[in-house]
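>>> quick one, structure for this:
(2 chains)
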Amino acid sequence: MTDMAKASEGTAPAADHPMVRAEGVHKSYGPVEVLKGIDLEVKRGEVFCLIGPSGSGKSTFLRCINHLEKINAGRLWVDGGLVGYQQRGDKLHELKDREVAFQRRDIGMVFQRFNLFPHMTAVENIMEAPVRVKGRSKAEAREQAAQLLERVGLGDKGGNYPSQLSGGQQQRVAIARALAMEPKLMLFDEPTSALDPELVGDVLDVMRQLAEEGMTMVVVTHEMGFAREVGDALVFMDGGVVVESGHPRDVLTNPQHDRTKAFLSKVL
Amino acid sequence: MTGRPEAIKAVPVRHPGRWAGAVVVAVLVAMLLHAFLYNPRFKWDVVGQYLFDDSILRGLLVTLELTALSMVMGVVGGVLLAVMRLSRNRLLAAAAWLFIWVFRGTPVLVQLVFWGFLGALWPKLSIGVPFGPAFWSENTNTLIPTFTAALLGLGLNEAAYMAEIVRAGITSVDEGQTEAAHALGMSRFQTMWRIVLPQAMRVIIPPTGNETISMLKTTSLVSVLALEELFQAGQLIYSRNYQNIPLLIVVSLWYLFLTSILTVGQYYIERHYARGANRTLPPTPVQRIRTLLSSARRSPAAAGAEPVPASGGEELS
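Below you'll find the predicted structure:
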């Protein structure tokens, strides 16, 4: 555990540091540069929405936050700790797989395609990480899973396999699965894009409830209504850069940049 | 309300072609039966006499042991090689590739003979520093008796094939599964063992069943090492009494019996790993027979009206 503690050292933890801080984050796949210098801050307890056309790099940036993607340049901090690296003196050291896994325990992620484990029931999906990663007892994890399912409105579906649930139900189980690790930050990667329109509302309701409880959330979304109602901050990305940012109501109703205006005129 | 319209009672389509085909097949089967049963050279009485002969049964046991142990070696080795091949460590990946290249690229019969001649190649086996002193050494033929040589030959060859099967299984699992597990803070090993491999099993099991059935028959090759398995046991008997054909039939009947059992076992294992992939599991053969019997007992019309997929199908929960 000691080297885990060290991993977050050296970054002078201030009491009021933001939940996520990005400075000049770059990411390329081979010769293609997807992120061209992202600077932003997500405050504690904030619902932070990322919008933009497909290919703008918003999902890639989200995946950088829990180190599913490795950044090529810049710095990225979560809760004051560098993501995926450790600063020792003036040198940056890559974290071991084990240390990266340790960082991810506190960051929940919800995927566009749910990615539930199909060979496990809903309850087993939710229990898996608390039991395997945190070493909880099965009985304790099962009880917690039942409570979480209740919270996302699926108290009676615990014994179902993912293939026996609708898309909206699967996504709510996926949210419960992420919450089971008691994260301090939740990442949502277009959580409603793969859903039938009439199922979107249930998922958004769960997210809204989560926001009201004070969870810090970074949400990549095309749901402008959700962004406007629930969001505390919003960033419009295009071509790997932040084009415009501000309060969702301001950006969505009164965009300053031409590219933002063009994008919003198509989706609103 | 006018009520439900009357159920459709139509004349079913006739299939004269099927009937003609059935007749042709029936005649061919009758001819075949006649050819087998009334040819005195088959000597069915000798077949019966040797079917449960002690040395045949002893050979059968060796065949079963060899099949089971080779498959265990093949599956364990195959998983290991597959994980090595997919490893980010280039050296491990290359070593696995080399192993598979050699053992899949040469005939298993040749490999078996090589293992049999190991004593001629290296009379003593030792553990020590390469090119340096040895700490421990032992006579090769003492260390590797015929059964072990046969096991190594079959098991290592199988591992090379299983490696490719397991690799195909692992790569068939959606990358999102690995990402989801990693995002939850699971380690690489936990992700492989708890999330990826169980799902890969659905792809791995059917060809592994085939491999097991194939292995059961391939064990007959170790007769070249003079190991007394089923086929060799049969050969030894007919080299004394010249009843070649009846003994070959005895041996074939046993192989056929064992492969049939394996086929049934494979069905149940596949069913187990289909969990979560299908909404309802297909009925087991026993359930199917039970459904058939219970519907036959009722009136034919009622049985026909029953929804087919629901009957006997076991709900997942």
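>>> do you know how far B:Met201 is from B:Val173?
Distance, B:Met201 to B:Val173, using CB to CB, to the nearest Å: 10 Å. For every residue, glycine as well, the C-beta is placed using N, CA and C.
>>> name the helices or strands packed onto the helix or strand containing B:Trp101?
Assigned by DSSP states H and E, B:Trp101 belongs to helix B:90-105. When contacts are defined as 3 or more CB pairs under 8 Å, 6 or more residues apart in numbering or on different chains; DSSP states H and E, helix B:90-105 sits against helix B:54-85, helix B:146-172.
>>> what's the average pLDDT for the longest helix seen in chain A?
Longest helix in chain A, counting residues (DSSP state H): helix A:197-212. Helix A:197-212 comes out with an average pLDDT of 94.
>>> SS state for the residue in the stretch 1-150 of chain B that chain A sits nearest to?
Nearest to chain A, among the residues of the stretch 1-150 of chain B, is B:Arg88, at 10.3 Å (CB to the nearest CB). Here B:Arg88 is coil, with the state taken from DSSP: H, G, I helix; E, B strand; the rest coil.
>>> look up phi and psi at it.
phi -80, psi -10 (degrees, to the nearest 10).
>>> please enumerate the helices of chain A.
Under DSSP H, chain A gives helices at A:2-7, A:58-65, A:97-104, A:122-132, A:138-151, A:167-179, A:197-212, A:224-230, A:248-253, A:258-267.
>>> could I get those as TSV with mean neighbour count and distance to B:Val129?
What follows is these, written out as TSV (neighbours: other CB atoms under 10 Å in any protein chain shown; distance: least, CB to CB, whole Å):
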stretch	mean neighbour count	distance to B:Val129
helix A:2-7	13	35
helix A:58-65	23	48
helix A:97-104	19	33
helix A:122-132	24	41
helix A:138-151	17	48
helix A:167-179	25	52
helix A:197-212	17	62
helix A:224-230	18	68
helix A:248-253	18	70
helix A:258-267	14	68
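>>> could you dump the ones you listed into JSON lines and include distance to chain B?
As requested, those are arranged in JSON lines below (distance: least, CB to the nearest CB, whole Å):
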{"stretch": "helix A:2-7", "distance to chain B": "12"}
{"stretch": "helix A:58-65", "distance to chain B": "8"}
{"stretch": "helix A:97-104", "distance to chain B": "4"}
{"stretch": "helix A:122-132", "distance to chain B": "4"}
{"stretch": "helix A:138-151", "distance to chain B": "13"}
{"stretch": "helix A:167-179", "distance to chain B": "7"}
{"stretch": "helix A:197-212", "distance to chain B": "17"}
{"stretch": "helix A:224-230", "distance to chain B": "22"}
{"stretch": "helix A:248-253", "distance to chain B": "26"}
{"stretch": "helix A:258-267", "distance to chain B": "25"}
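>>> dump those helices into JSON lines; add distance to B:Ala233 as well.
Formatted as JSON lines, the helices of chain A follow (distance: least, CB to CB, whole Å):
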{"stretch": "helix A:2-7", "distance to B:Ala233": "61"}
{"stretch": "helix A:58-65", "distance to B:Ala233": "62"}
{"stretch": "helix A:97-104", "distance to B:Ala233": "53"}
{"stretch": "helix A:122-132", "distance to B:Ala233": "49"}
{"stretch": "helix A:138-151", "distance to B:Ala233": "50"}
{"stretch": "helix A:167-179", "distance to B:Ala233": "56"}
{"stretch": "helix A:197-212", "distance to B:Ala233": "65"}
{"stretch": "helix A:224-230", "distance to B:Ala233": "74"}
{"stretch": "helix A:248-253", "distance to B:Ala233": "81"}
{"stretch": "helix A:258-267", "distance to B:Ala233": "77"}
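>>> among those helices, which is nearest B:Met215?
Closest to B:Met215 of those, according to CB to CB: helix A:122-132, at 33.9 Å.
>>> that closest one - contacts with which helices or strands?
Using 3+ CB pairs under 8 Å, 6+ apart: helix A:122-132 touches helix A:138-151, helix A:167-179.
>>> tabulate those (JSON lines), appending mean pLDDT.
As requested, the helices and strands packed on helix A:122-132 are exported to JSON lines (pLDDT from 0 to 100):
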{"stretch": "helix A:138-151", "mean pLDDT": "96"}
{"stretch": "helix A:167-179", "mean pLDDT": "96"}
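>>> under the pLDDT cut-off, which ranges of the chain? List them.
Using chain A here. Residue ranges of chain A with pLDDT under 70: A:1-15.
>>> you answered for a different chain; I wanted chain B.
For chain B, the ranges with pLDDT under 70 are B:1-2, B:275-282, B:296-317.
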